[in-house]
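Novice: Sequence and computational prediction follow.
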Amino acid sequence: MRKCVMFFVILCLGSAALADPAPRPITEGERADWQAVGRVNAAGYKRRQHCTGTLIAPDLVLTAAHCVQHRRTGAVFAADELTFVAGWHRGDYAAAAQGIALAVHPDYQTLQPTSAAQAHADVAVIRLEVPLTDITPLPVGDLATGPARVAGYRGDRPHILSVNDDCPRAGLDGLITLACEVVPGNSGGPVLQGTGKARRVVGTMSLRNGPLAVAATVTPALIKTLAPN
């Protein structure tokens, strides 16, 4: 295996949120089913940060827009400063590739703090330099009724994927609100619906509102428009 006041916290910077159901680390037996989810690592001189990303095509990774920004300055990274490590698991991984192109949702204000006003646009797509053809991507689909599942590399458990299996949710103006515990590192992680071969990505994790997680809705049409050349 190679923020009453609404208080929002960017998940790659904030503190823990208390909600149910609690997340669980994936088991060894589940690893093959989760290889398309991995870490988006940004590294450079005196900086290192990570978020979660999802392989949605052999050479495309979906993540949050704030995940591709410098944590302090807000400047967007160059694509080649980003590396996607698929299936990262305690030092082991399924595949890895550097970015070659990057696109951020056009409505996202990169030099402003992520907030409720733009959480719906907290979406970015990275094109990889080398397609990861040995990994089955998780396709993007349309949001349906019912609960969702969330996955991410939590800051308190950064080397193993954690999953919230059954998150009650409500959609609002392009947002998905989830009653799930999310913490730093969950940012950019997929919101999923369906099971087995019908499993699909319907959102990407953005921020939290008190005990609730807030994700941006993604659709096949959005990805087709946003994907960088």
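Specialist: Thanks, I have the structure now.
Novice: now the chain, which segments are flagged as low pLDDT?
Specialist: 1-21, 44-47, 114, 170-174 (pLDDT under 70).
Novice: Which parts of it are helices?
Specialist: For the chain, the helices defined by DSSP state H cover 220-226.
Novice: Quick check: the closest residue to residue 152 other than its chain neighbours vs residue 67, distance?
Specialist: Closest residue in space to residue 152, ignoring its immediate chain neighbours: residue 189 at 3.2 Å, by CB to CB, 6 or more residues apart in numbering. All C-beta atoms are positioned from the backbone trio N, CA, C, and that covers glycine. Distance of residue 189 to residue 67, computed by CB to CB, to the nearest Å: 10 Å.
Novice: who's more crowded, the two?
Specialist: In terms of neighbours (other CB atoms under 10 Å), residue 189 is the more surrounded of residue 189 and residue 67; the figures are 35 against 29.
Novice: which residues sit in contact with the more buried one?
Specialist: Residue 189 makes contact with 37, 51-54, 150-153, 204-205 under the criterion CB atoms under 8 Å, 6 or more residues apart in numbering.
Novice: what residues are up against the residue lying closest to residue 106 once chain neighbours are set aside?
Specialist: Using CB to CB, 6+ apart and skipping residues adjacent in sequence, the residue nearest residue 106 is residue 121, 7.7 Å away. Shown in contact with residue 121 (CB under 8 Å, 6+ apart): 65, 105-108, 216.
Novice: one step back: shared neighbours, residue 189 and residue 67?
Specialist: Listed as contacting both residue 189 and residue 67 by CB under 8 Å, 6+ apart are 51-53.
Novice: mind putting those residues in TSV, distance to residue 30 and neighbour count included?
Specialist: Listed next are the shared contacts of residue 189 and residue 67 as TSV, based on distance: CB to CB, whole Å; neighbours: other CB atoms under 10 Å:
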residue	distance to residue 30	neighbour count
51	21	29
52	16	31
53	18	33
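Novice: Throw the residues you listed into JSON lines and include distance to residue 164, thanks.
Specialist: Supplementary listing: those in JSON lines, determined by distance: CB to CB, whole Å:
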{"residue": "51", "distance to residue 164": "17"}
{"residue": "52", "distance to residue 164": "13"}
{"residue": "53", "distance to residue 164": "17"}
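Novice: Just those residues: which are in strands?
Specialist: With DSSP state E as the criterion, strands contain 51-53 from among those.
Novice: Closest one to residue 125 out of the residues you listed, please.
Specialist: Lowest distance from residue 125 to these (CB to CB) belongs to residue 53, with 9.5 Å.
Novice: Pretty sure that closest one sits against residue 40.
Specialist: Yes: applying CB atoms under 8 Å as the test, residue 53 and residue 40 come out as touching, 4.0 Å apart.
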